[in-house]
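Chemist: What follows is a protein structure lacking sequence information:
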């Protein structure tokens, strides 16, 4: 019985404390006094109560416009969105701060945080990479603008991380097209991968898949397109063998090269015979 009473008193105290805190926030907000709201917003911000701080900063933004305090208010206001993981709005407000307070010593941090907010929005490689591209673009602009910043090294590291994600997405997309026997699309995606990521560690495998895709495309093409496509296969296979003399794929690529060469000779012989037959019929 005594234990239950203690638990009841403890619950009541907690409820009173929660109510008191809520009443304090509501009471401050109801004053409408910009100075009081600003001071309390800073208290909430320092205490990590970013939702309350955000609400109060929002109420005083207009009142402090044109005053020295406005810069600090707007900067912290942007940070509340970041701390609440509302990264789209955080990026927006950090960028807006940078464009508004162009001479602010906080501008460098605001530009970085705008980009970093987009980095936080960058999803796993399987999903749409719009925010990844946006983050890379903003971070590269940051590096170019603030070349002596102590955040340059971190920015480059983040760019490399996101580029690796884009590379993997392109590789997996190319593999998927290949597995689905969509060889033309597979070739297109993988060739673009090599253009966009020339430093890729998968370059040898990607070039092998391009050769194989080109060969399978040629083999499954209508007769009218086979000659041109087998010529492309031979060219790609020859280039691969010249580049990777010790490759584990060399034997298969050489076989593909030989098969395409034989196919081209057959097509030429058929074409010659048809031409001869046609000439004979005119006599």
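Modeler: Okay, I see it. These numbers come from a predicted model, not from an experiment.
Chemist: mind showing which ranges of the chain have poor pLDDT?
Modeler: For the chain, residues meeting the criterion pLDDT under 70 lie at 1-22, 270-283.
Chemist: ok, 80 please
Modeler: Applying pLDDT under 80 to the chain flags residues 1-23, 28-33, 269-283.
Chemist: need the helices for it, in chain order.
Modeler: Secondary structure of the chain by DSSP state H: the helices cover 2-31, 34-46, 50-60, 69-83, 87-100, 107-121, 130-145, 152-179, 183-196, 203-219, 223-243, 250-281.
Chemist: Count the residues that sit near residue 56.
Modeler: Neighbourhood size, residue 56 [other CB atoms under 10 Å]: 25. For the C-beta atoms, the positions are set from N, CA and C on the backbone; glycine is no exception.
Chemist: so residue 120 touches residue 88, yeah?
Modeler: No - under the criterion of CB atoms under 8 Å, residue 120 makes no contact with residue 88, lying 9.8 Å away.
Chemist: show me the contacts for the residue most central in space within the chain.
Modeler: Nearest to the mean C-alpha position of the chain, by CA atoms, centre = their mean, lies residue 132 at 2.0 Å. By CB atoms under 8 Å, 6 or more residues apart in numbering, the contact set of residue 132 is 122, 123, 162, 165, 166.
Chemist: mind checking how far it is from residue 218?
Modeler: 35 Å (CB to CB, to the nearest Å).
Chemist: who touches the residue nearest to residue 38 when sequence neighbours are not counted in this structure?
Modeler: Spatial nearest neighbour of residue 38, excluding adjacent residues (CB to CB, 6 or more residues apart in numbering): residue 60 at 5.1 Å. Contact partners of residue 60, counting by CB under 8 Å, 6+ apart, are 34, 37, 38, 41, 73.
Chemist: check contacts around the second one.
Modeler: What that stands for is residue 37. For residue 37, the contact set (CB under 8 Å, 6+ apart) comprises 28, 29, 31, 56, 59, 60.
Chemist: Next, format the residues you listed as TSV and append distance to residue 156.
Modeler: Shown next, in TSV, are the contacts of residue 37 (distance: CB to CB, whole Å):
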residue	distance to residue 156
28	44
29	44
31	48
56	38
59	40
60	38
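Chemist: residues touching residue 76, list them.
Modeler: By CB under 8 Å, 6+ apart, the contact list for residue 76 reads 41, 42, 45, 53, 57.
Chemist: from those residues, which two are the most distant?
Modeler: Spatially, the most separated pair among the contacts of residue 76 is 42 and 57, at 8.9 Å (CB to CB).
Chemist: and these two? which has more neighbours close in?
Modeler: Between residue 42 and residue 57, counting by other CB under 10 Å, residue 57 is the more crowded of the two (26 against 17).
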